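S.K.: fold the following and give me the result.
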Amino acid sequence: QVQLQESGPGLVKPSQTLSLTCTVSGGSITTASYYWSWIRQPPGKTLEWIGYIGYSGDTYYRPSLKSRTSISMDTSKNQVNLQLSAVTPEDTAVYYCALTDGVVIVSPRALSDFNSWGQGTQVTVSS
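M.R.: Presented below is the predicted three-dimensional model:
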């Protein structure tokens, strides 16, 4: 069973770049048909899909976040990384990484829409 674990700083200052890592175990991130998504849930709001990277390295981002988002893979460490630049307090949220097999989900209703997901990591943007 594939397991995911998010990590990164819990506090980021406005205008800085948020960097998170998703460490994957129990499977290779380059397994054919796997798609790795980043999702977030701001306080009091529903899940918001940020973007994905496919097993071959293709990426697709939420249009409203595209100019600030970068998702990459580190195959040597079996990790998927998220960078979100020029953050504001509106980027405060619990951030999750998640896996789908063979399909892409861009409007998740719940984490259970995905095959696997991490426990999430709280990121607060504040000076």
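S.K.: quick check: phi and psi at residue 66.
M.R.: Dihedral pair for residue 66: phi -50, psi -40, per degrees, to the nearest 10.
S.K.: could you count how many residues lie near it?
M.R.: Here the number of neighbours of residue 66 (other Cβ atoms under 10 Å) works out to 13. From N, CA and C alone the C-beta is placed, and that goes for glycine too.
S.K.: same deal with residue 88?
M.R.: 10.
S.K.: quick check: nearest residue in space to it, chain neighbours excluded?
M.R.: Closest residue in space to residue 88, ignoring its immediate chain neighbours: residue 14 at 5.7 Å, by Cβ to Cβ, 6 or more residues apart in numbering.
S.K.: name the SS class of that neighbour, please.
M.R.: coil (DSSP: H, G, I helix; E, B strand; the rest coil).
S.K.: I figured it hits residue 87, correct?
M.R.: Yes. Residue 14 sits in contact with residue 87 when judged by Cβ atoms under 8 Å, with a separation of 6.4 Å.
S.K.: and stretch 76-95, which residues are buried?
M.R.: Within stretch 76-95, the residues that count as buried by 16 or more other Cβ atoms under 10 Å are 78-82, 84, 87, 91-95.
S.K.: so what's the residue most central in space within the chain closest to, chain neighbours aside?
M.R.: Nearest residue to the geometric centre of the chain (Cα atoms, centre = their mean): residue 38, 2.0 Å. Excluding its sequence neighbours, the residue lying closest to residue 38 (Cβ to Cβ, 6+ apart) is residue 50, at 4.3 Å.
S.K.: with residue 70 instead?
M.R.: residue 83 (4.5 Å).
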